[in-house]
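Asks: Just a sequence and a predicted model for now, questions to come.
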Amino acid sequence: MPDDLSPEPIPPPLPVAQPAGQPEAVPILEGLANPIFVLEGDGRFTYLNHAAERLWQRPRRELLGRRLWETLPGTVDTAFEEGYQRAFAVPAAVTFETFWQPLDCWYEVQAQPLPGTEGITLTFHDITRRKLAEAGLRENDERLQAIVDNAPILVYLKDRDGRYLIVNREFERVYGRDRAQILGRTDYEIAGKKFADAFREHDRRIMALSAPRQVEESVRTHDGQPVTLLSVQFPLRDSSGEPYAVCGISTDITAKKAVEEALRSSEERLRLFMESVQDYAFLALDTNGTITQWNPGVERVLGYTEAEIIGRNFSVIFTEDDRKQGVPEQELLTAQTAGSASDDRWHVRKEGTTIYVSGVVYPLWDEAGRLAGYSKVLRDMTAHKEAETRLRAAYDHERRIARSLQAALLHPPAEDAFPNLHVAMLYSAALEESAVGGDFFDAFGLPDGRTALVVGDISGKGLAAASRMAEIKFTLRAILREYRQPEHALERLNDYLYETQLLDAPAAAAAAVPPDESAAGLYVALAIAVIAPEGDEAAIAVAGAEAPLVLRADSRCDTVQDGGVLLGAERHVTYPVSVVRLAPGDTLILLTDGIADARRGQAFFGTERIREAARQALSQPGLHQTGRAILDAAIAFAGGPLRDDACLLLARRRSG
């Protein structure tokens, strides 16, 4: 297509056929820049001007008298053919547009019936410039639509009558309609009268504005869900300054409003919580420790009103000694570096009295990770501290009593107190605090000259365990004096303990006595050995205790078979008896489970290690040293104090 779209100068005309009945029009038509030609009813050219020759790029002598579609086959099945055929068929004036490829031009064609004939006159008007301008506008519109369609906001444009001219994809999503269902329609057809009345009145106000206006609007989506929009609205004005449309750009802030409402509700709940909690004092501090916020609990705990405490440094509540030692500053530093700082110490109230407070300090960080301040929570624990002091004093008093009682009960006899036997007894507490445990030993003579050896472990600790120890120790002595045989003594003691639990359980429950302080739940592991007067034979019965050992003088170590269940667990239990021979120098070892249960990681000291320790200890110069070596081996295996009390009784038959 030529760059210059103006008609070219018309060359000298060829001989022409004149339009029938209008010879005077020929010079005028020849001078026009618009292509004009006449077709008869059968499609034959009967006239064309010079501009038409240029259009068809054929001289008129080749066209006149010939049919259009024969001489110009390029027009077949085109918009041009459809248009002129429609003009023949009406017959009436027809206007249509067509594109002529050889000249790369657009034309508006006017086809009019030729009076008095079956022919038509076709006049071409070059509209290429207009079509290019329209294409440019369409391209701009498409770019604009692409931009607004990909924006996460609602965009719309409405004319003065409220009809939508432009909407974007987000607008379609919110209202649940395709733009084809929106464009050209009003809010009355889209949102309903209730909302449309408000929108229409709002649009009128926007038309009168001289600057954009921002407003929050509440609308409902196509499925009835409420949506909150933050809209910027403004009028569009023509060249004369008259408004012709309203433009709106809206952001869906429904989620933001929900978050804001949740935050407001959360802050209100926090405020109500802070005001309702009276037992705790809450202080908000800035980065220097200055108090910026409080709750009413501060007045109850520390005595300060809000006006008296806000703006002061939190060190005011510390004792003078703590302030001199820099405790407040260290507390903040620890909180900042470790994430929190515990605060269990004496503090000072407004009037100068001291209270014991348990609390914690936390650092507060802003979104950028910078320190924004601290929060400090305190609770008055003075009454608890005083009760704890009294309880500790009572506990110490009870422990002293229990220790004295245990010392009296565990007083070992002299090593040579029994004929034909050397006896040694050792006791090891797991921890200093639990020195008063339930493990015990006993050795005493029977009326017939035999010797009774006992090792036991009673459930529980402290004064209660010591009291039970005394009860069981002396009850067993009485039973053995009557029943003589160890297995029978165990059976009688078991029935006694079981029946005692049945009798004491209701009273203990009614008095809310803890299980470890009542006879209910009283269980005893016990091993008894009754040795003949000559020391050469031992009858042994065991109830839930560690199996006794016999360390022979030649270093062999035998294990006596296990016995029956714990005492007090079942009624009418029968316990087996084992009889072993003791040669001169042989040693009988009775022990509680604290030694076998000595632990290193997941491994236990166990019976085999006890046997090995006993064999190695045989070389010790005395019986007590032998027992000490066995006990020390278990402690060394555990790498420190034993986890449970341990009791060890050794009886060696004398030589000669």
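Replies: The structure has been received and is ready for your questions. Values in this document were obtained by computation on a predicted structure and should not be read as measured data.

Asks: would you list every one of the helices in the stretch 201-350 of the chain?
Replies: Secondary structure of the stretch 201-350 of the chain by DSSP state H, counting those that start in this stretch: the helices cover 254-276, 297-302, 306-309, 320-324, 327-338.

Asks: Could you say which one of those comes nearest to F171?
Replies: The closest of the helices of the stretch 201-350 of the chain to F171 is helix 254-276. By CB to CB, the value is 15.0 Å. C-beta here means a position set from N, CA and C on the backbone, and glycine is covered the same way.

Asks: Give me the contact list for stretch 64-77.
Replies: For stretch 64-77, the external contacting residues (CB atoms under 8 Å, 6 or more residues apart in numbering) are 17, 39, 42-48, 56, 58, 62-63, 81, 84, 101-102.

Asks: still on that earlier bit, ranking the helices of the stretch 201-350 of the chain by burial, who's on top?
Replies: The highest mean neighbour count among the helices of the stretch 201-350 of the chain, using mean count of other CB atoms under 10 Å, belongs to helix 297-302: a mean of 21.

Asks: What is that one packed up against?
Replies: Using 3 or more CB pairs under 8 Å, 6 or more residues apart in numbering; DSSP states H and E, the elements in contact with helix 297-302 are strand 280-285, helix 306-309, strand 354-365, strand 371-380.

Asks: How far away from the center of its chain is it?
Replies: 34 Å (CA atoms, centre = their mean, to the nearest Å).

Asks: what does the average pLDDT come to for that helix?
Replies: Averaging pLDDT along helix 297-302 yields 84.

Asks: what about I309, distance to T354?
Replies: According to CB to CB, to the nearest Å, I309 stands 17 Å off from T354.

Asks: again, but for R345
Replies: 10 Å.

Asks: follow-up on the earlier one: mind checking which of the contacts of stretch 64-77 are in strands?
Replies: Within the contacts of stretch 64-77, residues falling in strands by DSSP state E are L39, F45, T46, Y47, L48.

Asks: which one of these is nearest I528?
Replies: L39 (139.5 Å).

Asks: what's around the closest one, how many residues?
Replies: Counted with other CB atoms under 10 Å, the burial measure for L39 works out to 23 neighbours.

Asks: ok, back up a step: show me how to select, in PyMOL, the buried members of the contacts of stretch 64-77.
Replies: Per 16 or more other CB atoms under 10 Å, the buried members of those correspond to this PyMOL selection:
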select buried, resi 39+43+44+45+46+47+48+56+58+63+81+84
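
Asks: avg pLDDT for stretch 485-496?
Replies: Confidence over stretch 485-496, taken as the mean pLDDT, stands at 93.

Asks: which residues are contacting it?
Replies: When contacts are defined by CB under 8 Å, 6+ apart, stretch 485-496 is touched by residues 452, 472, 475-476, 479-480, 483, 524, 526, 528-530, 539-541, 543, 563-564, 567-568, 570-577.

Asks: switch to 6 Å and redo it
Replies: Stretch 485-496 is contacted from outside by 476, 479-480, 483, 528, 530, 539, 541, 543, 567, 573, 575, 577, using CB atoms under 6 Å, 6 or more residues apart in numbering.

Asks: which two in those are spaced the farthest apart?
Replies: Longest span within the contacts of stretch 485-496, CB to CB: V530 and V573, 18.9 Å.

Asks: Of the two, which one has the most company?
Replies: Set side by side, V530 and V573 show more neighbours around V530, with 24 against 17, by other CB under 10 Å.

Asks: That one contacts A452, doesn't it?
Replies: Yes - with contact defined as CB atoms under 6 Å, V530 reaches A452; the gap is 5.4 Å.

Asks: Which parts of the stretch 51-200 of the chain are strands?
Replies: For the stretch 51-200 of the chain, the strands defined by DSSP state E, counting those that start in this stretch occupy 94-100, 105-113, 120-126, 154-159, 164-167.

Asks: in its sheet, what does the second one sit against?
Replies: Read that as strand 105-113. Strand pairing for strand 105-113, using DSSP bridges, gives strand 94-100 (antiparallel), strand 120-126 (antiparallel).

Asks: to the chain's geometric centre, what's the distance from the last one?
Replies: For strand 120-126, the distance between its averaged C-alpha position and the chain's averaged C-alpha position is 78 Å (CA atoms, centre = their mean).

Asks: And stretch 580-593, by the same measure?
Replies: Centre to centre, stretch against its chain (CA atoms, centre = their mean), the figure for stretch 580-593 is 62 Å.

Asks: Need the distance between the two termini of it.
Replies: End-to-end span of stretch 580-593 (CA to CA, to the nearest Å): 22 Å.

Asks: List the buried residues of that stretch.
Replies: So, applying 16+ other CB under 10 Å, buried residues of stretch 580-593: V580, L582, D586, T587, L588, I589, L590, L591, T592, D593.

Asks: what's the helix or strand where D558 lies packed up against?
Replies: For D558, the element it lies in under DSSP states H and E is strand 557-559. Strand 557-559 is packed against strand 549-551, helix 606-617, with contacts defined by 3 or more CB pairs under 6 Å, 6 or more residues apart in numbering; DSSP states H and E.

Asks: Show me which of the ones in strands among the contacts of stretch 64-77 is closest to D252.
Replies: L39 (60.8 Å).

Asks: how about low-confidence regions in the stretch 401-550 of the chain?
Replies: Within the stretch 401-550 of the chain, the stretches with pLDDT under 70 are 401-411, 415, 430-437, 461-463, 505-521.

Asks: could you redo the last one with a cut-off of 50?
Replies: Applying pLDDT under 50 to the stretch 401-550 of the chain flags the ranges 402, 405, 408, 432-435, 511, 516-519.

Asks: one step back: among the helices and strands packed on strand 557-559, which comes closest to A92?
Replies: helix 606-617 (119.3 Å).

Asks: Off-centre distance for the closest one?
Replies: In terms of CA atoms, centre = their mean, the centre of helix 606-617 is set 54 Å apart from its chain centre.

Asks: on that earlier part again, identify, from the buried residues of stretch 580-593, the entry nearest to L32.
Replies: Nearest to L32 among the buried residues of stretch 580-593, with distances taken as CB to CB, is D593, at 127.4 Å.

Asks: Tell me how far the nearest residue to the closest one once chain neighbours are set aside lies from E30.
Replies: The spatially closest residue to D593, leaving aside those adjacent along the chain, is E546, at 5.4 Å (CB to CB, 6 or more residues apart in numbering). Separation of E546 from E30 (CB to CB) stands at 137 Å.

Asks: And for G43?
Replies: Plainly put, G43 is 23 Å away from E30 if you go by CB to CB.

Asks: Let's see stretch 298-314 as CSV, backbone CA atoms only.
Replies: Taking Å, rounded to 0.1, in the frame of the first residue of the first chain, the C-alpha atoms of stretch 298-314 are listed here in CSV:
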residue,chain,number,x,y,z
VAL,A,298,0.8,-5.0,89.7
GLU,A,299,-1.1,-3.0,92.4
ARG,A,300,-2.1,-6.1,94.2
VAL,A,301,1.3,-7.8,94.1
LEU,A,302,3.6,-4.8,94.3
GLY,A,303,1.4,-2.0,95.7
TYR,A,304,1.9,0.5,92.8
THR,A,305,-0.9,2.2,90.9
GLU,A,306,-0.5,2.7,87.2
ALA,A,307,0.5,6.4,87.6
GLU,A,308,3.1,5.5,90.2
ILE,A,309,4.8,2.8,88.2
ILE,A,310,4.6,3.8,84.6
GLY,A,311,7.8,5.5,83.5
ARG,A,312,10.0,4.2,86.3
ASN,A,313,12.8,1.6,85.8
PHE,A,314,11.8,-1.9,86.8
